[in-house]
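Colleague: Task: produce atomic coordinates for the following.
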Amino acid sequence: YSNSPVCYRRQWLEYLVELLISDTRLRLIEYITPVLNLLYKNNQHGYINKIAEIVSEIKQPLTVENVVELEAGPRRQIELKVASTQVKQHEYRDELDVCIANEEYMKASQLKELLAELEILKQQYTQQLQPVIQHTTVDKNDDDTLLRCLVIVAESLKDIHITGLNETLMTLSDSLVIECIRNADNEVRNEAMRCLGLLSLLSKLFTTQHLIILIQAARLDVKVIQCTALKAIIDVLITYGFDEEDMDSQTGTYTSTLFNTSHSQPDDTEEGYDLTDPNNATESLGNILSFLVLFMDCENSELRQIACEGVCKLMLAGRISSCTLLTKLLLLWYNPSTRDEETLQQCLGHCFPILAFSTHDNQRCFEKCFLPVIHTIVRAPPSSPLSSIDLLNVCEYLILLTDNMNISTQHSTQTRPITTDTTRSCHDDIAMSICEEILTDPWAPHVRILVKSLNKLKLVCTSVDHVTQLITLSDLILQKLENKTDQGLVVRFQKSVRGIVSDEITINTTTAATNTTTTRILSLSDDITEF
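Modeller: Reported below is the predicted structural model:
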């Protein structure tokens, strides 16, 4: 399109504008706007202005209100003047031909000027004969018209080359989007929320001024609009992330300035949304974590799915790291009541390995979720779906996710020798936590599962102190446990810990002997060279 001749592009433009203005089905607009955008390659300002013109023409079309024609008397007089002017033109043309034939060029020049004046006078008389058409604009505020305008704006804002808000977009926001949030029709209000979310991605200042509308819509409106508003909020969090000052050092949670709307409110109050109390949203939600957990615990499966997918995106993008949210996701994935939600299961099933195997910090987050997940499942009442979860399968999966060998080699700690360094692998810390958990209640029904999990860990034990602590704790566990099967499992775990120590000592001894032999050979080589 962009390489075609100008006349063809003009024809394409007229045709596409006609399609958008006419009663074309709304589902086709998402295919028309990208083609229209191709005609404005490298000219996004012109593209936005054209969209604004189309919206204005749809919402305020020009209509012919009245056609005023001249009466018979004045019309007859003007027609006589036109005829008289034409007669004079013919006479002057004849004289002009004669002057040219006689080579009277000065007089011919004067006659040409007179002919030009008569032509202008004739055009004025002819224009007076035309009927006067009076145009007026009519504001169309019906739901169908507003919905069409909002869909056109929303599909246009999806263009990735639009990187900021200009005056035209701000005008569309104030005159169309914000006004339609007051509309009683659910479809119109839902499309207005979608436009508001897309506009928020273009300016952080705009987001801080209007995010409270999205928050309250996600909490108070109908389900369709709740879903749209929640998606918009998650997109905003992914785009802008969190500042360092948003982190609470005591609780380890995020309280983003985007959610603190006390310093920035919209100028108007939308119907159906309480914007009079700026602290309303922050007091009820507390912080971002509680806001997301609110929807992860929602009974509505669609809202729960959107919230979980949003949390996964935030974690994969590195925007947020929360053991609380990760624990909720793990429990939702294993919860039998969500087995029929295929999209949610696929999303979580793909997210966990990618997230865990990307960095050590993410594995540490899974490590901190180990005991909270086990406690939640064990303490679930018999009536809860969580009570039917296979606890051993959960432990094995978490052990797999926290295995250092699944991370790239540059992060691997498997080849570290035993030192007094306090840095340990995730499995080392999980082993310590499991031992302490068993000693807390050696007669708990899930102790055998915990003991089995000890033998599935791939210990690295980079610290001598840590090895000593594990051996000491395992001895205490042997004294507390009465079941011989459990004791046998603990003894096997002790052997694996002692085996790591002996293997490292053998490796260190062999390495030292090799280094000594190499030194002696090099020294002897130097002596021979000197001789």
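
Colleague: got the residue ranges for the helices in the stretch 151-300 of the chain?
Modeller: For the stretch 151-300 of the chain, the helices defined by DSSP state H, counting those that start in this stretch occupy 167-172, 178-180, 186-200, 204-220, 223-240, 280-285, 288-296.

Colleague: Mean pLDDT for those - can I get that in CSV?
Modeller: Shown next, in CSV, are the helices of the stretch 151-300 of the chain (pLDDT from 0 to 100):
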stretch, mean pLDDT
helix 167-172, 89
helix 178-180, 88
helix 186-200, 91
helix 204-220, 87
helix 223-240, 90
helix 280-285, 36
helix 288-296, 80
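
Colleague: Ok, which of those helices comes nearest Ser358?
Modeller: Ranking the helices of the stretch 151-300 of the chain by proximity to Ser358 (Cβ to Cβ) places helix 223-240 first, at 16.5 Å. Every residue, glycine included, has its C-beta placed from N, CA and C.

Colleague: who touches that closest one?
Modeller: 186, 189-190, 193-194, 196-198, 200-201, 204, 207, 211, 214-215, 217-219, 221, 256, 258, 288, 295, 300, 302-303, 306-307, 310, 313-314, 317, 319-320 (Cβ atoms under 8 Å, 6 or more residues apart in numbering).

Colleague: Please apply the same query to stretch 94-112.
Modeller: The contact list for stretch 94-112, computed with Cβ under 8 Å, 6+ apart, reads Tyr92, Leu115.

Colleague: do stretch 321-338 as well
Modeller: Where contact means Cβ under 8 Å, 6+ apart, the residues beyond stretch 321-338 that reach it are 252-254, 289, 292-293, 296-297, 301, 304, 308, 311-312, 315, 344-345, 348-349, 351-352, 361-362, 365-366, 368-369, 372-373, 376-377, 385-386, 388-389, 394, 398.

Colleague: The residue lying closest to Glu155 once chain neighbours are set aside: neighbour count?
Modeller: With Cβ to Cβ, 6 or more residues apart in numbering as the criterion, Glu155 has its nearest non-adjacent residue at 4.4 Å, and that residue is Thr33. As a burial measure, Thr33 scores 23 neighbours (other Cβ atoms under 10 Å).

Colleague: Give me the contact list for whichever strand or helix holds Thr33.
Modeller: Element membership for Thr33 (DSSP states H and E) is helix 29-38. Applying Cβ under 8 Å, 6+ apart, the contact partners of helix 29-38 are 1-2, 12-13, 16-17, 19-20, 24, 47, 50-51, 148, 151-152, 155-156, 159.

Colleague: Out of the residues you listed, which sit inside helices?
Modeller: 12-13, 16-17, 19-20, 47, 50-51, 148, 151-152, 155-156 (DSSP state H).

Colleague: Show me how to select, in ChimeraX, the buried members of these.
Modeller: Remark: buried members of those, expressed as a ChimeraX selection using 16 or more other Cβ atoms under 10 Å:
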select :12,16,17,19,20,47,50,51,148,151,152,155,156
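
Colleague: In TSV: the ones in helices among the contacts of helix 29-38, plus pLDDT and distance to Gln226.
Modeller: Shown next, in TSV, are the ones in helices among the contacts of helix 29-38 (pLDDT from 0 to 100; distance: Cβ to Cβ, whole Å):
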residue	pLDDT	distance to Gln226
Trp12	80	40
Leu13	82	39
Leu16	85	34
Val17	84	35
Leu19	86	33
Leu20	86	29
Tyr47	86	32
Lys50	89	33
Ile51	89	28
Arg148	90	24
Val151	92	20
Ile152	91	24
Glu155	90	22
Ser156	89	25
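
Colleague: Out of the ones in helices among the contacts of helix 29-38, which is nearest to Pro74?
Modeller: Nearest to Pro74 out of these is Val17 (Cβ to Cβ; 39.8 Å).

Colleague: you'd agree that closest one is up against Ile54?
Modeller: Yes - Val17 sits in contact with Ile54 when judged by Cβ atoms under 8 Å, with a separation of 6.0 Å.

Colleague: and Leu454, helix, strand or coil?
Modeller: Secondary structure, DSSP: H, G, I helix; E, B strand; the rest coil: Leu454 is helix.

Colleague: please begin residue numbering at 43 from this point
Modeller: Understood, numbering begins at 43; the last thing we discussed is Leu496.

Colleague: From Lys526, how far off is the nearest residue to it once chain neighbours are set aside?
Modeller: Of all residues not flanking Leu496 in the chain, Phe535 sits nearest, at 4.5 Å (Cβ to Cβ, 6+ apart). As judged by Cβ to Cβ, to the nearest Å, Phe535 and Lys526 stand 15 Å apart.

Colleague: Can you pick out the residue with more neighbours from those two?
Modeller: Each of Phe535 and Lys526 has its neighbours counted (other Cβ under 10 Å); Phe535 has more, 25 against 8.

Colleague: Surely the more buried one is in contact with Val493?
Modeller: Yes - counting by Cβ under 8 Å, Phe535 does reach Val493; the two are 7.5 Å apart.

Colleague: quick one on the thing from earlier: narrow the contacts of helix 265-282 to those that are buried.
Modeller: Buried, going by 16+ other Cβ under 10 Å: 231-232, 235-236, 238-240, 242-243, 249, 253, 256-257, 259-261, 263, 298, 300, 330, 337, 344-345, 348-349, 352, 355-356, 361-362, out of these.

Colleague: which one in the chain is furthest away from the centre?
Modeller: Asn144 (84.8 Å; Cα atoms, centre = their mean).

Colleague: All the strands of the protein, residue numbers only.
Modeller: Secondary structure of the chain (DSSP state E): strands at 104-110, 174-179.

Colleague: any weak-confidence spans in this structure?
Modeller: The chain contains residues with pLDDT under 70 at 43-49, 104-112, 174-180, 284-329, 450-465, 503-505, 542-573.

Colleague: now for it, which residue lies nearest the mean position of the chain?
Modeller: Centroid check for the chain by Cα atoms, centre = their mean gives Asp277 as the closest residue, at 2.6 Å.
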